[in-house]
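Q: Pasting the sequence and the predicted coordinates here, then a few questions.
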Amino acid sequence: MAAKIIANLLVAGGTVLFRAASQAYRQAIINGTKAGMTAEGVQAAAKAAKQLTLREAEMILGVESGAGWQEVMKKYEHLMQANEKNGSFYLQSKVYRAKERLEQEFQEQGLPTDWPEGGQQQQDQQQQQSGGQ
């Protein structure tokens with residue numbers, strides 16, 4: 001009996017909450033159109049709010065402002081490997097998004113973002129081979 005009452009209360013509460021959220025969303029769209037915002041503008045603003053800032057990306061990877069691409073990739077690979085062992089997908093995704101943001105900045109400035117396919121390990125092997133000859 002008590003379970004049935006609780007279930008009914010939860011359903012009623014969920015319905016009220018859903019209606020309030022949908023009304024608020026509709027009102028936000030109306031207010032946005034009155035202010036001259038288009039749907040594309042709203043989507044662009046939402047996307048910009050989700051994107052990492054340059055400073056956040058530098059802090060996540062632990063690089064200084066103005067660091068070279070090789071340093072960025074060394075830090076990226078180190079952090080990805082360190083978090084792979086513990087299985088932290090959340091941290092890996094943060095590191096990946098930070099690298100993406102820095103890569104975007106490098107490309108906007110026309111700076112090279114070349115990095116060998118094997119990453120740092122392949123680059124170290126190439127240096128050892130050329131240094132040993």
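A: Sure thing, it's come through. Numbers count the residues shown, from 1 in each chain.
Q: Every contact and neighbour count from this point should use C-alpha atoms.
A: Noted.
Q: Nearest residue to E105 in space, please, no chain neighbours.
A: Distances taken as Cα to Cα, 6 or more residues apart in numbering place L54 nearest to E105, at 7.7 Å, with adjacent residues excluded.
Q: scratch that, K94 is what I was asking about
A: Of all residues beyond its chain neighbours, the one nearest K94 is I60 (7.5 Å), with distances taken as Cα to Cα, 6+ apart.
Q: Can you tell me the number of residues neighbouring the one you found?
A: Using other Cα atoms under 10 Å, I60 is surrounded by 18 other residues.
Q: which element is it on?
A: I60 belongs to helix 54-61 when elements are defined using DSSP states H and E.
Q: Could you identify the helix or strand that succeeds that helix?
A: Note on helix 54-61: by DSSP H and E, the next helix or strand toward the C-terminus is helix 69-86.
Q: Give me the phi and psi for A24.
A: Geometry field for A24 lists phi and psi as phi -60, psi -40, criterion degrees, to the nearest 10.
Q: Who are the contact partners of it?
A: By Cα atoms under 8 Å, 6 or more residues apart in numbering, A24 lies in contact with nothing.
Q: quick one, helices of the protein?
A: Counting by DSSP state H, the chain has these helices, from start to end: 2-34, 39-50, 54-61, 69-86, 89-108, 120-132.
Q: okay, these in TSV with mean pLDDT next?
A: Putting the helices of the chain into TSV (pLDDT from 0 to 100) gives the following:
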stretch	mean pLDDT
helix 2-34	82
helix 39-50	68
helix 54-61	90
helix 69-86	87
helix 89-108	89
helix 120-132	51
